[in-house]
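> Fold the following.
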Amino acid sequence: MTERQEDVMSQPVDLIWWITAVEIPAVASLFWLIWRMRGELLTRIDAQRSSHNHDMADLRDGLADFKLDVARNYVSIPYLKDIEKRLTAHLIRIEAKLDHSATAP
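Numbers count the residues shown, from 1 in each chain. As a prediction, this is how the structure comes out:
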């Protein structure tokens, strides 16, 4: 080998070669990886949002159905008070009849 060839082989790695051979592919790979992960994340977020909106709509429908069921099948407070007054009046009449029959010989 000649002296010049030995100098070239013994020199440290050239900066331009290092950037071209190692740094640019590494940075490009990292950029591609981050870009791909970002796309997957956005896809997952959209899927979660869609699922969340669907679940919320189902919950709202269920709550509306329950409210309608309660309004149809359960008794209102004024109606309960009316029933209580009628029962109390009947019990007072029964008590009065029993008192009258107990005092009569």
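
> Just the pLDDT at residue 57, thanks.
We note a pLDDT of 97 for residue 57 in this prediction.

> do the same with the one 10 residues further on
At residue 67, the pLDDT value in this model is 92.

> just use 412 as the starting number from now, easier for me
From this message on, residue numbering opens at 412, which makes the last subject residue 478.

> element containing it?
Here residue 478 is covered by helix 435-484, with elements defined by DSSP states H and E.

> after that helix comes which helix or strand?
helix 488-514.

> Could you list the domains of this structure?
412-484, 486-516 (automatic domain parsing).

> Dump these to TSV, plus mean neighbour count.
All C-beta atoms are positioned from the backbone trio N, CA, C, and that covers glycine. Formatted as TSV, these follow (neighbours: other C-beta atoms under 10 Å):
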stretch	mean neighbour count
domain 412-484	10
domain 486-516	9
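
> Least confident secondary structure element in the protein?
When the helices and strands of the chain are scored by mean pLDDT, DSSP states H and E, helix 414-421 comes last with a mean of 54.

> For residue 483, give me its contacts.
By C-beta atoms under 8 Å, 6 or more residues apart in numbering, the contact list for residue 483 is empty.

> Quick check: it vs residue 475, distance?
Distance check for residue 483 against residue 475: by C-beta to C-beta, to the nearest Å, it reads 13 Å.

> go on, residue 496?
The spacing between residue 496 and residue 475, counted by C-beta to C-beta, is 34 Å.

> before we move on, the earlier item: can you name the next helix or strand after the least confident helix or strand of the chain?
Next along the chain after helix 414-421, with elements defined by DSSP H and E, is helix 426-429.

> Would you pull up how far that next one lies from the middle of the chain?
52 Å (C-alpha atoms, centre = their mean, to the nearest Å).

> and what of stretch 503-516?
Using C-alpha atoms, centre = their mean, the offset of stretch 503-516 from its chain centre is 65 Å.
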